[in-house]
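Enquirer: Predicted model, plus sequence, below.
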Amino acid sequence: MKVSCIKDNLSKGLAIVGRAVATRSTMPITQNILITAKKSSGLKLAATNLEITMTCDVGAEVEEEGSITVPARLLTEFVNSLPSDTITINLPADSRTVELKCARYKARINGMDAKDFPKIPTVSDGLNIKIAPDALREAIGKVVFAAATEDSRPVLTGVQAEFANGGLTLAAADGFRLAVYKMALSEPLSEDMSLIIPSKSLGEINRLLTDQEEAVDITVNANRSQVLFNLKGVQMVSQLIQGAFPNYNQLIPQSSNTKAVIGLGEFLRATKSASIFARDGSGIVRLQIVPAAEGEAAKIMISAQAEELGDNVSELDAEVDGEEAKIAFNSKYLGEVLGVITQDKVTLETTGSSSPGVLKPIGDDNYIHIVMPMFVQW
């Protein structure tokens, strides 16, 4: 194999596929990156942790075809240290040692045979969906952070993607909160479908969508075990999570005793201030919603206290319908949902201190977020 390419392009490609490299594995080769050079298709990089597989095309001039796997970390760190110049990758015949040269820099890296690398999955059959990158990025960003990070209930580590009625609904929950986002599809599917996509996979796709201009091509295989995300020059195949996602519609309150409309900027700022004290107070932020009274405007007070350090209180203007209410939330959960809302105002609805709080952006009926309360002494 003999290939030459621009160092910066190779570095970018390594950064993309490097996200799929296994960090801990009983298969040492999954800590390598597969390098394949073909005159017909150029240079292709691939990595897998057996749950997701990432491939990336790198513009290159291929003199001799070939393939090899190389330790991902060593290769990436060396390439990143090189000047911005043309880099040559050479693999002599019947050798497993890759020779790299860039300007006056050289290195030899021992690799492993490409035939021992796990087979790159292909998803060519099944249902196909096209989604505009900006719309998909917004949808993922609104829900992915609410998925569980522990594996005690595997289905909760994923995001349910439900294709029905010409639209897509994404839902994520970790037992303490629930995020649901709905969006329309420009090309509805021929049949309804429900999948559970690992939240880590969607997180990786979200990073890649920043530079994507064309519609994202998504293909789900016939037996609903894998999904392919096809972006410009990058492909990612993810295993799907098997199981039944909870019926989250039962968790969404249908009525409330108190409804408060608050400016998002002030709400987020007050939450961040309270979280400083909440860090040493079990992460608890208290919210007290006060309706308008004679001579006094409606308001919401946000507070936190740390037993040995002190406390803080922020008072915000609000539009309040209903009775006075008190509710406490985990400061991290509250801050994260406020951080993804882009509208100017947000609604907080509650039926009491022991019932879930419902957060909705004003002017966006597509998003709803439920946060379970924390039980505190008032």
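Expert: Alright, I've got the coordinates.
Enquirer: Find the centremost residue of this structure, please.
Expert: G203 (2.2 Å; Cα atoms, centre = their mean).
Enquirer: Surely that residue is within a strand?
Expert: No. G203 is assigned helix when assessed by DSSP: H, G, I helix; E, B strand; the rest coil, not a strand.
Enquirer: do you know how far it is from V234?
Expert: Going from G203 to V234 by Cβ to Cβ, to the nearest Å gives 15 Å. For glycine as for every other residue, the C-beta is placed from the backbone atoms N, C-alpha and C.
Enquirer: Same check on K39?
Expert: K39 is 21 Å from V234, where distance means Cβ to Cβ.
Enquirer: Please say which of those two ends up with more neighbours.
Expert: V234 (20 against 10; other Cβ atoms under 10 Å).
Enquirer: Apart from its neighbours in sequence, what residue is nearest the more buried one?
Expert: Distances taken as Cβ to Cβ, 6 or more residues apart in numbering place C56 nearest to V234, at 5.0 Å, with adjacent residues excluded.
Enquirer: again with I362
Expert: I362's closest residue in space is K345 (Cβ to Cβ, 6+ apart), at 4.0 Å.
Enquirer: F229 too?
Expert: That would be M236: by Cβ to Cβ, 6+ apart, it lies 4.7 Å from F229.
Enquirer: So what pairs up with the one you found in the strands?
Expert: M54, F229 (DSSP bridges).
Enquirer: In this structure it contacts I52, no?
Expert: Yes. At 6.1 Å, M236 and I52 qualify as touching, with contact defined as Cβ atoms under 8 Å.
Enquirer: intersection of neighbour lists for those two?
Expert: Residues within reach of M236 and of I52 at once, by Cβ atoms under 8 Å, 6 or more residues apart in numbering, are A20, S201, E204.
Enquirer: which among the residues you listed gets closest to N90?
Expert: Nearest to N90 among the shared contacts of M236 and I52 is A20, at 25.5 Å by Cβ to Cβ.
Enquirer: Give the next helix or strand downstream of the helix or strand that contains K182.
Expert: According to DSSP states H and E, K182 maps onto strand 177-184. Heading C-terminal from strand 177-184, the first helix or strand you meet, by DSSP H and E, is strand 193-198.
Enquirer: For that next one, list every residue counted as buried.
Expert: Of the residues in strand 193-198, M193, L195, I196, I197, P198 count as buried by neighbour count, 16 or more other Cβ atoms under 10 Å.
Enquirer: Kindly report the same for stretch 18-25.
Expert: Buried-residue list, stretch 18-25, by 16+ other Cβ under 10 Å: G18, R19, A20, V21, A22.
Enquirer: quick one, helices of the chain?
Expert: 7-18, 72-81, 133-143, 199-208, 264-278, 331-340 (DSSP state H).
Enquirer: could you dump the buried residues of strand 193-198 to TSV with distance to P28 and pLDDT?
Expert: TSV is the format used below for those (distance: Cβ to Cβ, whole Å; pLDDT from 0 to 100):
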residue	distance to P28	pLDDT
M193	37	92
L195	32	96
I196	30	98
I197	28	98
P198	23	97
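Enquirer: so where's the stretch 251-378 of the chain shaky on pLDDT?
Expert: Within the stretch 251-378 of the chain, no range satisfies pLDDT under 70.
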